[in-house]
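# Quick one: sequence plus predicted model below, questions after.
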Amino acid sequence: MYIKIKVLIALFFISTYSYSQEGIPVYSDYLSDNYYLIHPSMAGAANCSKLRLTGRKQWFNQNDAPELQTLSFNGRVGEKSGAGIILFNDKNGYHSQKGVKFSYAYHIMFSRDEIDLNQLSFGMSAGLIQNQLDETQFTDFDPIVFGQIQKDSYFNVDFGVSYNYLNFYAHATVQGAVETRRELYTEFESDNLRKYLLSAGYVFGNKDKILWEPSIMFQVVDQTKEKSIDLNIKAYKELDFGQVWGGLSYRRSFDGAEYSTTSGVSKQNLQYITPIVGVNFDKFMFAYTYSKVSGDVKFDTGGYHQITLGINLFCRPEKYDCNCPAIN
């Protein structure tokens, strides 16, 4: 029975790994004022160009634990266009992936004047991703193990649409829209698990007191039919030096894994809670994110830590007349 439990736990985490290792993993970093990281239609949608650097590390007490670094920049190009670039490095044990994405977005304004926000955006990202498998530390003999670092690259395309109207926003994105193949693990392995992302939110409250932003994100992996949902709430408070904000995100997968217990067989779904805190000072921003997995079966009791550093550049002289933190 002990072996059965180990196998089920391994399958659970392999499923989680495959879910996140196709392109940039979808964590909660988009809530740190970085919707562009998952929605290409947000390239240049805000009234400032945004430079964001994130670093994420899981399980500090484990060797070769998953970690992710991203560097992104996006801004307006001309009156109706936006462009951006994302560099990322994702590592998990012997497996890793590096990539670059270039984005273009077209924005249609339905506003009556320059401070009204009523914007429909279409975006596309095209990227090159390199997967790597480090077999140099494999000691057991196997005819398919070469004992060296294997690499394979593939091309990826994302499409998305966004709508920002005053305090309301909605996004829809297809990640990995073009299917390609690689031969890093098997000859017939599909390179990109096409992913569908839907998100929406609304900001309400008194700007002189506290603004509240509930939001939701739903994601589906086409090939494996994995589904999960994020339920988020953020709060913003204006101070003399700038703005402080914080939030809470709850993610739950609709899919789970069965495991044996002393009383029979139980099932557990992937779920974790993520508190977020941040501060905006002048053109600079800093955010810290901590994610904690819940449930009886988990690899480690430690959490996931993430830091985001950002700067806003080339801002418009006048902000939109709305409570819209992602745009203003």
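Alright, I've got the coordinates. What you see is a predicted model, and the numbers here were worked out from it, not measured in a lab.

# Pass me the low-pLDDT residue ranges in the stretch 51-200 of the chain, would you?
60-61, 139-147, 181-192 (pLDDT under 70).

# ok, the strand ranked longest in the chain: who's next to it in the sheet?
Across the chain, the longest stretch assigned as strand under DSSP state E is strand 242-261. Under the criterion DSSP bridges, strand 242-261 sits next to strand 227-238 (antiparallel), strand 264-281 (antiparallel) in its sheet.

# quick one: average confidence on the first one?
What that stands for is strand 227-238. Averaged across strand 227-238, pLDDT comes to 97.

# which residues touch it?
Residues from elsewhere that reach strand 227-238 (Cβ atoms under 8 Å, 6 or more residues apart in numbering): 28, 31, 199, 201, 207-221, 243-255, 270, 276, 325. C-betas here are computed from N, CA, C, even on glycine.

# Can you give the distance from that strand to the centre of its chain?
Put simply, strand 227-238 sits 14 Å off its chain's centre (Cα atoms, centre = their mean, to the nearest Å).

# returning to that earlier point: list the buried residues for the longest strand of the chain?
Residues of strand 242-261 classed as buried under the neighbour-count rule (16 or more other Cβ atoms under 10 Å) are 245-247, 249, 251-253, 255-257, 259.

# now stretch 199-216
199, 201, 203, 211, 213, 215.

# Next secondary structure after the host helix or strand of the first one?
The one in question is Ser199. Element membership for Ser199 (DSSP states H and E) is strand 195-202. Per DSSP H and E, the first helix or strand lying C-terminal to strand 195-202 is strand 204-205.

# State the next helix or strand along the chain beyond that following strand.
Counting by DSSP H and E, the element after strand 204-205 in chain order, helix or strand, is strand 211-221.

# Which strands or helices does that next one pack on?
strand 195-202, strand 204-205, strand 227-238 (3 or more Cβ pairs under 8 Å, 6 or more residues apart in numbering; DSSP states H and E).

# what does that strand rub up against?
With Cβ under 8 Å, 6+ apart, strand 211-221 has contacts from 19, 26, 30-31, 193-205, 226-237, 247, 323, 325.

# From those residues, list the buried ones, please.
By 16+ other Cβ under 10 Å, the contacts of strand 211-221 give 19, 26, 30-31, 193-197, 199, 201, 203, 226, 228, 230, 232, 234, 236, 247, 323, 325 as buried.

# In a markdown table, list the strands paired with strand 242-261 along with distance to Gly78.
Compiled in a markdown table, the strands paired with strand 242-261 are given as follows (distance: least, Cβ to Cβ, whole Å):
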| stretch | distance to Gly78 |
| --- | --- |
| strand 227-238 | 30 |
| strand 264-281 | 27 |
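
# quick one: which of those is nearest Leu71?
strand 264-281 (18.2 Å; Cβ to Cβ).

# Go through the closest one and flag the buried ones.
268, 270-274, 276, 278-280.

# Just the CA coordinates for that strand, please, in PDB.
This file holds the C-alpha atoms of strand 264-281, laid out as PDB (Å, rounded to 0.1, in the frame of the first residue of the first chain):
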ATOM      1  CA  GLY A 264     -10.000   3.400   2.300                       C
ATOM      2  CA  VAL A 265      -9.400   5.600  -0.800                       C
ATOM      3  CA  SER A 266      -9.600   9.400  -0.700                       C
ATOM      4  CA  LYS A 267      -9.400  12.000  -3.400                       C
ATOM      5  CA  GLN A 268      -7.600  15.300  -3.300                       C
ATOM      6  CA  ASN A 269      -7.700  18.300  -5.700                       C
ATOM      7  CA  LEU A 270      -4.800  20.700  -6.100                       C
ATOM      8  CA  GLN A 271      -5.600  23.900  -4.200                       C
ATOM      9  CA  TYR A 272      -3.600  26.700  -2.700                       C
ATOM     10  CA  ILE A 273      -4.100  30.000  -1.100                       C
ATOM     11  CA  THR A 274      -2.000  33.000  -2.100                       C
ATOM     12  CA  PRO A 275      -1.700  36.300  -0.100                       C
ATOM     13  CA  ILE A 276      -0.200  39.200  -1.900                       C
ATOM     14  CA  VAL A 277       1.100  42.600  -0.600                       C
ATOM     15  CA  GLY A 278       2.500  45.500  -2.700                       C
ATOM     16  CA  VAL A 279       3.400  49.100  -2.700                       C
ATOM     17  CA  ASN A 280       3.600  51.700  -5.500                       C
ATOM     18  CA  PHE A 281       5.900  54.700  -4.900                       C
END
